[in-house]
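Engineer: okay, here's the prediction I keep looking at, along with the sequence it came from:
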Amino acid sequence: MQDVQGLFDDREIALDRVGVAGLSHPIVVLDRATEKQRTIGTFTMSVSLPREQKGTHMSRFVEVLNEHHGEVTMRTVPAILRDLRDRLDAASARIEVEFPYFLERAAPVSGAKALMDYACAFIGEVSDAPTPNDFVLRVRVPVTSLCPCSKAISERGAHNQRGYITISVRTDHDDDGAPQLVWIEELIDVAERSASAPVYPLLKRPDEAYVTVQAYDNPVFVEDMVRNVARVLQDDRRIRWFRVHAENHESIHNHAAFAQVTWSRPA
């Protein structure tokens, strides 16, 4: 049969990225407590397209993913990307996979347990650039924040809100060229300790009282949360780049408040 995608294109416009998006596939990721966790990934997979080629072969994206049996970690993503680039004869390849990650969380007083989900992502790229391999881990953590200004000017109480701290990190590479391991659980812990209080999946009344007081005793602005996270990540020698974004869904305003910082370790 005729290979239409492989035909010559005379418009001479190279494309940065072409591929598939919204592809759902079962995956296995690393879990610090149980070694591996099964979840569902939503994939965006792409390659660069040279100016003389009409199109790429979309089916090969799914073929490559299936051949790796759905195991997607910072250790395996570079191999998947290299296979994509080689199979599609491209100068660069990129993968972004978003997935829910589940942890069993215990309430602070009653110890009641339930599963909590966190929105995570792996973003990887290989190319012919001077730095050929790139991998980013992203974790979005729900938190509670209590407004320091509200506490300072109010006779009774202070307003608080649900916030989200999103942490994206790049790490240095091991001797074998793989990114150094940073656990998802580690970034969740850093985010929760940087806020007024964690968010829990299940709370009894004694737990609600505990979390309410905990938040009141630890008021923070979005600026504080971002700086708190940044200070911890700067001290982690595994991490060479990060971006921290905090956003509060304000309880007394019709808008959200946010803060963000991006940092790279000096060479």
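Structural biologist: In hand now; what should we look at?
Engineer: show me what the strand ranked longest in the chain is packed against.
Structural biologist: For the chain, the strand that runs over the most residues, judged by DSSP state E, is strand 15-31. Contact analysis of strand 15-31 by 3 or more Cβ pairs under 8 Å, 6 or more residues apart in numbering; DSSP states H and E lists strand 35-49, helix 59-67, strand 93-106 as its packing neighbours. Placement of C-beta: from N, CA and C, glycine included.
Engineer: and the first one, average pLDDT?
Structural biologist: Per-region confidence: strand 35-49 scores 93 on mean pLDDT.
Engineer: for residue 33, which three-state class applies?
Structural biologist: When classified by DSSP: H, G, I helix; E, B strand; the rest coil, residue 33 comes out as coil.
Engineer: that one: neighbour count?
Structural biologist: Neighbour count for residue 33, taken as other Cβ atoms under 10 Å: 9.
Engineer: what separation is there between it and residue 185?
Structural biologist: 8 Å (Cβ to Cβ, to the nearest Å).
Engineer: isn't residue 16 right up against residue 48?
Structural biologist: Yes: with contact defined as Cβ atoms under 8 Å, residue 16 counts as touching residue 48 (6.2 Å).
Engineer: more neighbours, those two?
Structural biologist: The residue with more neighbours, out of residue 16 and residue 48, is residue 48; 20 against 10, by other Cβ under 10 Å.
Engineer: hmm, that one is touching residue 91, no?
Structural biologist: Yes: taking contacts as Cβ under 8 Å, residue 48 lies within contact range of residue 91: 4.9 Å.
Engineer: what's the overlap in contacts for those two?
Structural biologist: Both residue 48 and residue 91 are contacted by residue 127, under the criterion Cβ atoms under 8 Å, 6 or more residues apart in numbering.
Engineer: okay, strands next: where are they in the stretch 151-267 of the chain?
Structural biologist: Ranges of strands within the stretch 151-267 of the chain are 160-171, 197-198, 239-249, 256-264, based on DSSP state E, counting those that start in this stretch.
Engineer: what would those look like in JSON lines with distance to residue 42?
Structural biologist: Formatted as JSON lines, those follow (distance: least, Cβ to Cβ, whole Å):
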{"stretch": "strand 160-171", "distance to residue 42": "17"}
{"stretch": "strand 197-198", "distance to residue 42": "26"}
{"stretch": "strand 239-249", "distance to residue 42": "20"}
{"stretch": "strand 256-264", "distance to residue 42": "24"}
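Engineer: and residue 209, what is it in contact with?
Structural biologist: Contacts of residue 209 by Cβ under 8 Å, 6+ apart are residue 109.
Engineer: rewinding a little: overlap in contacts of residue 33 and residue 185?
Structural biologist: Common neighbours of residue 33 and residue 185 (criterion: Cβ under 8 Å, 6+ apart): residue 103.
Engineer: flag every buried residue along stretch 37-57.
Structural biologist: Residues 37, 39, 41-49, 53, 56 are the ones in stretch 37-57 that count as buried (16 or more other Cβ atoms under 10 Å).
Engineer: picking up where we left off before, turn the strands of the stretch 151-267 of the chain into TSV, including distance to residue 154 and mean neighbour count.
Structural biologist: Output for these, formatted as TSV (distance: least, Cβ to Cβ, whole Å; neighbours: other Cβ atoms under 10 Å):
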stretch	distance to residue 154	mean neighbour count
strand 160-171	12	22
strand 197-198	18	21
strand 239-249	17	21
strand 256-264	18	14
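Engineer: please name the residues that touch the residue positioned nearest the centre of the chain.
Structural biologist: In the chain, the residue lying closest to the centroid (Cα atoms, centre = their mean) is residue 138, at 1.6 Å. By Cβ under 8 Å, 6+ apart, the residues touching residue 138 are 120, 121, 122, 123, 166, 167, 168.
Engineer: closest to residue 249 among the residues you listed?
Structural biologist: Distance to residue 249 across the contacts of residue 138 (Cβ to Cβ) is lowest for residue 166, with 13.5 Å.
Engineer: who does the closest one bridge with?
Structural biologist: residue 140, residue 245 (DSSP bridges).
Engineer: could you do residue 262 as well?
Structural biologist: Taking DSSP bridges as the rule, residue 262 bridges to residue 243.
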